[in-house]
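Q: here is my input; please provide its structure:
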Amino acid sequence: MAVARPVRALALAAVMLWCFFLYQIFGPERPITRPVRYDNGRDPNLDPTGEPLGKLTYASDRYAPGVADSDRINATLLALVRNEELDQMIGSMVDLEKTWNHKFNYPWTFFNEVPFTDEFKRRTQAATKAECRYELIPKEHWDMPSWINKDLYEESVKILKENDIQYADKISYHSMCRWNSGMFYRHPALQHTKYYWRVEPKVHFFCDVDYDVFRYMQDNNKTYGFTINLYDAPKSIPTLWPETVKFLAQHPEYLHENNAMAWLTDKAGRPENNENANGYSTCHFWSNFEIADMDFWRSQAYEDYFNHLDRAGGFFYERWGDAPVHSIALGLFEDKSKIHWFRDIGYQHIPFFNCPNSPKCKGCVTGRFTDGEAWLHKDDCRPNWFKYVEGHASCSIIFGWHQCRGEFTREHLGTDGVGRPRNIHTCVKYHGSETYMTLYDF
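A: Numbering: from 1, shown residues only. Coordinates of the predicted model:
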């Protein structure tokens with residue numbers, strides 16, 4: 001009996017639809033397309049990425065667990081985490097141990113406002129060969145300070161909620177932001193620690209990193225390292241910049257001559273953010289990933305700045321986050337050349353990514369910024385950082401070549417005037433039909 005033509009057509013359509021679904025699931029990943037956000041129309045993460053220039057220290061037997069006089073410097077992996085976030089914390093640890101820490105075995109230091117459970121301690125220690133430390137946050141570092149007016153706090157929360165500010169009514173979130181801004185480095189457990197790498201639950205690391213990042217920071221005179229640079233919600237921080245301006249008026253001596261003020265006050269990228277934040281672009285380093293030298297937070301400039309903000313009350317009356325607070329302080333009080341984009345470290349914290357173009361990366365689509373809604377692309381503030389500060393000046397070694405200021409360069413050995421070796425980097429620029437060659441001596 002012949003099958004009716006409409007039935008045959010329907011069956012064929014069903015087969016084709018099924019094949020289409022299979023292709024979508026198992027077919028090759030397509031390049032990420034996104035709005036043009038860069039001056040030259042190209043995301044630098046699409047360019048080949050290698051290790052950063054500068055002195056690098058690689059793994060050796062001197063980094064094995066328990067070595068008495070190891071090559072590890074005074075640093076720790078640091079996590080603020082609840083007992084109920086154990087599974088998510090284990091996931092983050094597994095990723096970072098696999099891609100980096102199993103080679104270097106830096107200790108983990110966990111903080112909580114309540115004691116850690118035995119299960120938390122057992123499972124986290126089982127996830128690493130490195131030492132694990134478990135610390136309780138003092139109440140005076142976590143609780144709402146005495147000078148905060150609770151009635152005003154409750155009224156402020158209502159306004160924040162009306163403005164759709166996330167976590168506005170969670171006092172623990174306000175306490176967390178304050179602790180991460182100016183309390184964590186005061187903990188006795190970190191009293192003698194210099195560097196830290198902040199790691200949160202439920203984050204992912206995608207790229208093998210073969211050098212000691214803490215030694216990189218130390219040996220190359222870096223203060224702060226980031227992967228993601230975003231715009232903040234201006235209605236969560238409307239008085240943060242005005243309070244900062246007040247502080248600068250009182251302490252102009254703290255403003256570094258090589259500051260990043262232009263990045264902090266840009267109006268072109270998101271003019272509505274600058275307006276609603278009263279002069280602040282809202283650009284900030286997303287601090288759920290940060291590798292930093294705690295001596296900066298312990299400096300007189302930062303201590304005075306944090307204490308000024310703390311007394312102003314914005315950690316509770318508004319929702320000042322540690323990310324904008326850290327970023328503003330770094331942008332004003334530190335030499336901007338000491339702030340480093342770890343472009344070679346693949347990273348995700350929902351919903352944003354740093355995805356380098358590197359054979360060392362797996363599971364991270366090159367150039368992906370978000371896997372969320374398309375409108376999230378406008379939250380990327382890296383173009384402003386490149387425009388005002390970095391300009392792609394942090395170079396990467398790529399198969400013997402260097403990427404420098406967005407150009408490709410070849411390293412040559414030469415000598416200076418008295419016969420000492422030096423590195424000459426020839427940068428070739430292409431502007432239309434014209435070619436320019438520049439020598440850089442690093």
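Q: could you measure from the closest residue to A59 other than its chain neighbours over to V209?
A: Excluding the flanking residues, the one nearest A59 by CB to CB, 6 or more residues apart in numbering is K103, at 3.8 Å. C-beta: built from backbone N, CA, C; applies to glycine. Note on K103: its distance to V209, by CB to CB, to the nearest Å, is 8 Å.
Q: same question, R198
A: 16 Å.
Q: per-residue confidence, the nearest residue to Y63 once chain neighbours are set aside, what does it come out as?
A: Spatial nearest neighbour of Y63, excluding adjacent residues (CB to CB, 6+ apart): F104 at 4.8 Å. We have a pLDDT of 99 for F104.
Q: from L77, how far out is F104?
A: Here F104 is placed at a distance of 10 Å from L77 (CB to CB).
Q: on that earlier part again, check contacts around the residue nearest to A59.
A: K103 makes contact with 59, 63, 210 under the criterion CB atoms under 8 Å, 6 or more residues apart in numbering.
Q: secondary structure and neighbour count for the residues you listed - can I get that in TSV?
A: Below are the contacts of K103 laid out as TSV (DSSP: H, G, I helix; E, B strand; the rest coil; neighbours: other CB atoms under 10 Å):
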residue	secondary structure	neighbour count
A59	coil	16
Y63	helix	20
D210	coil	15
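Q: of those, which is the nearest to M294?
A: Of all the contacts of K103, Y63 has the smallest distance to M294: 21.7 Å, by CB to CB.
Q: surely the closest one is in contact with T57?
A: No: between Y63 and T57 there is no contact under CB atoms under 8 Å: 9.2 Å.
Q: which residues do these two both contact?
A: Common neighbours of Y63 and T57 (CB under 8 Å, 6+ apart) are 71, 212.
Q: returning to that earlier point: ok, how many other residues are close to the residue nearest to Y63?
A: By other CB atoms under 10 Å, 26 other residues sit near F104.
Q: my guess is it meets A59, correct?
A: Yes: using CB under 8 Å, F104 is in contact with A59, at 6.1 Å.
Q: point out where this protein drops to low pLDDT.
A: 1-41, 391-442 (pLDDT under 70).
Q: how's it carved up into domains?
A: Domain assignment for the chain by automatic domain parsing gives 44-391, 401-441.
Q: and the ones you listed, which is most packed in?
A: Ranked by mean neighbour count, the domains of the chain are led by domain 44-391 with a mean of 18 (mean count of other CB atoms under 10 Å).
Q: what about that domain, distance to the chain center?
A: 6 Å (CA atoms, centre = their mean, to the nearest Å).
Q: quick revisit: give me the common contacts of F104 and A59.
A: D212.
Q: ok, the closest residue to P115 other than its chain neighbours to T117 distance?
A: Once flanking residues are discounted, P115 sits nearest to L136: 6.0 Å by CB to CB, 6+ apart. L136 sits 13 Å away from T117, taking CB to CB as the criterion.
Q: follow-up on the earlier one: any idea how far the residue nearest to Y63 is from Q348?
A: Taking CB to CB, one finds F104 at 22 Å from Q348.
Q: repeat that for N288.
A: Taking CB to CB, one finds N288 at 10 Å from Q348.
Q: anything in contact with each of those two?
A: What both N288 and Q348 touch, as defined by CB under 8 Å, 6+ apart, is the set V203.
Q: can you classify the residue nearest to E97 when sequence neighbours are not counted as helix, strand or coil?
A: Among residues not flanking E97 along the chain, T128 sits closest, at 5.4 Å (CB to CB, 6+ apart). Following DSSP: H, G, I helix; E, B strand; the rest coil, T128 is assigned to coil.
Q: which residue packs closest to N276, ignoring adjacent ones?
A: P234 (3.6 Å).
Q: G182 now?
A: F306 (3.6 Å).
Q: what does A312 give?
A: The spatial neighbour of A312 that comes closest, neighbours along the chain excluded (CB to CB, 6+ apart), is E243 at 4.9 Å.
Q: I figured the one you found hits N307, correct?
A: No: taking CB under 8 Å as the definition, E243 is not a contact partner of N307, at 11.7 Å.
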